[in-house]
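> Provide a 3D model corresponding to the input given below.
(one chain, ligands or ions: 1)
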Amino acid sequence: MKRGYAFKSCNVIYGDAGRSIDRNMTILIHEKGLIEKIGKASDVVIPEDYETIDLAGEYVMPGLINAHVHLFADGKPFTLSVNERLLKFAFHHILDTKLGRNVLKKRMKRNALTALHSGVTTMRSVGEFFYTDVKLRDEIKANQFVGPNLQVSGYFLSVTGGHGAPYLALVGDSPWEARRNVRINVKNGVDLIKICVTGGVTDAKTVGEAGRLQMTEEEVATICEEAHKIGIRVAAHVESTEGVRIALKGGVDTIEHGAEMDEEIIQLYKNNPKALKGYTAVIPTLQAGYPSAKLDTSLTKLNATIKENSRLVYDSMLKGLQQAIEHDIKIGVGTDAAMSFVTHYDIWRELDHLIRQTKLNTAQVIERVTKSNAEILGIDHLTGTIDIGKQADLIVMKHNPLDNIKALSNVTMVMVNGNLIQTPSVTRIQEVDELLDTVWDSTSYEY
Ligand SMILES: [Zn+2]
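Numbering: from 1, shown residues only. Okay, here's the model as predicted:
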């Protein structure tokens, strides 16, 4: 039986924009799943009982981290219009049955594996039904199957009539009810708390409703206090400037999606005494907004309200992101995979989008999706860069992603916690790929 792996003749990208690429390297991976040694081929002796994999000049970098996903869906466009009676019926008579829960769990597992095979070795899942995300995480941890590292939030925390309520959220209408809901999620084993401070595009019924304030600052602050007390983070769904202000004042650790900022907000991001680490990061999800916001409704099949809400949210989110870069606010990368047109296998599109629409260069974008995301999730001691002692979460590509980020769309090998997937395979959704390919071909680089 082999005691480890040796990746031979590879070019190493460390996931840290400050370190340059090293060529003709050998990486040793210990059987315990950790990176044991990294060095020039001539300096590293490969132990006899290690399996040597000759990468013949291919590129190795840290596995990607997607900081904002949902596992319950795969990115095929939702065609179901929001009809409450239909939704209620579907929830109680299809999803919330023994069979329904089993089907859901299988689907979530498939989506997690799709992501893994495309190079995403860590996912932060921010809103799922029935704590199925907790179960999947535990099965992976117990080695029942090889899956990505998962951080899970269980149900959203929301208010009556709020985003995701009632089916995807625990509802609370006071600080104490909100605190109880944190405790319920914690008791069920979540890694983080996801809250909805404003409405969202998916359930807004009128234009402008997506960013409407729902939680109060007092509710947010209580949730943060309860979560931070036991060292877990709070991620806030926010789609308007006023929502960001309330969330930051309450002390959240990440703003999901985000919006245009003013001076008070910029300062609060950078120095937020109530946040677990003293600052708040922003995790934009451009890919979730762009197709709905910018493509013709004849292509997207969306109604005019969704399109207009998407446009408002996308434009403000992009403005906020550009301000975040300008003011050196910590930025993570998430896609909101599961939303319409956002698959689990194309995080490279989010990176491509960042390069096209902001001043970030390719190396900086790679750092955001690896090292920075690990820091934001509080797992940078475990993963996010290629360093001795870290988990062997690695991806291999034929082409150099620093030259063209699209190299990430075709990983030739994936390793997670030292488990090697030698021939990764992803089932693509052709209709979504074709639609998105038209977007990117017609968009020119701004910088
Ligand atoms: Zn989301």
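
> from what I can see residue 307 touches residue 300, true?
Yes - taking Cβ atoms under 8 Å as the definition, residue 307 is a contact partner of residue 300 at 7.3 Å. Bear in mind the C-beta positions are built from the backbone N, C-alpha and C, glycine included.

> what residues do those two have in common as contacts?
Listed as contacting both residue 307 and residue 300 by Cβ atoms under 8 Å, 6 or more residues apart in numbering are residue 292.

> Helices along the protein, start to end?
84-90, 98-117, 132-141, 175-187, 217-229, 241-250, 263-270, 286-294, 297-300, 304-326, 347-357, 362-367, 373-377, 430-442 (DSSP state H).

> can you give me the mean pLDDT across the longest one?
Read that as helix 304-326. For helix 304-326, the mean per-residue pLDDT is 94.

> go on, the fourth one?
For helix 175-187, the mean per-residue pLDDT is 98.

> and stretch 193-200, what's its mean pLDDT?
Stretch 193-200 comes out at a mean pLDDT of 96.

> Span of it from start to end?
End-to-end span of stretch 193-200 (Cα to Cα, to the nearest Å): 17 Å.

> any idea how far it is from the chain center?
16 Å (Cα atoms, centre = their mean, to the nearest Å).

> Identify whichever of the helices of the chain lies nearest to residue 410.
Closest to residue 410 of those is helix 347-357 (Cβ to Cβ; 9.1 Å).

> That closest one packs against which elements?
helix 286-294, helix 304-326, helix 362-367, helix 430-442 (3 or more Cβ pairs under 8 Å, 6 or more residues apart in numbering; DSSP states H and E).

> mind checking which of those helices is nearest residue 41?
Once these are compared by Cβ to Cβ, helix 362-367 is nearest, at 23.4 Å.

> what's the most buried one of the helices and strands packed on helix 347-357?
Among the helices and strands packed on helix 347-357, helix 286-294 has the highest mean neighbour count (mean count of other Cβ atoms under 10 Å), at a mean of 24.

> For it, which helices and strands make contact with it?
Using 3+ Cβ pairs under 8 Å, 6+ apart: helix 286-294 touches helix 304-326, helix 347-357, helix 430-442.

> and of those, who's closest to residue 3?
Nearest to residue 3, of the helices and strands packed on helix 286-294 and by Cβ to Cβ, is helix 347-357 at 32.5 Å.

> Identify the residues contacting the closest one?
64, 66, 115, 118-120, 285-287, 290, 318, 321-322, 333-335, 337, 360-362, 365-366, 368-369, 405-406, 408-409, 436, 440, 443-446.

> In the stretch 151-300 of the chain, where is pLDDT below threshold?
Scanning the stretch 151-300 of the chain for pLDDT under 70 picks out no residues.

> no, scratch that, I was asking about the stretch 301-447 of the chain
440-447.

> Could you rerun that using 50?
The model of the stretch 301-447 of the chain has pLDDT under 50 over residues 442-447.

> follow-up on the earlier one: just so I know, which of the helices of the chain lies nearest residue 44?
Of the helices of the chain, the one closest to residue 44 (Cβ to Cβ) turns out to be helix 362-367, at 24.3 Å.
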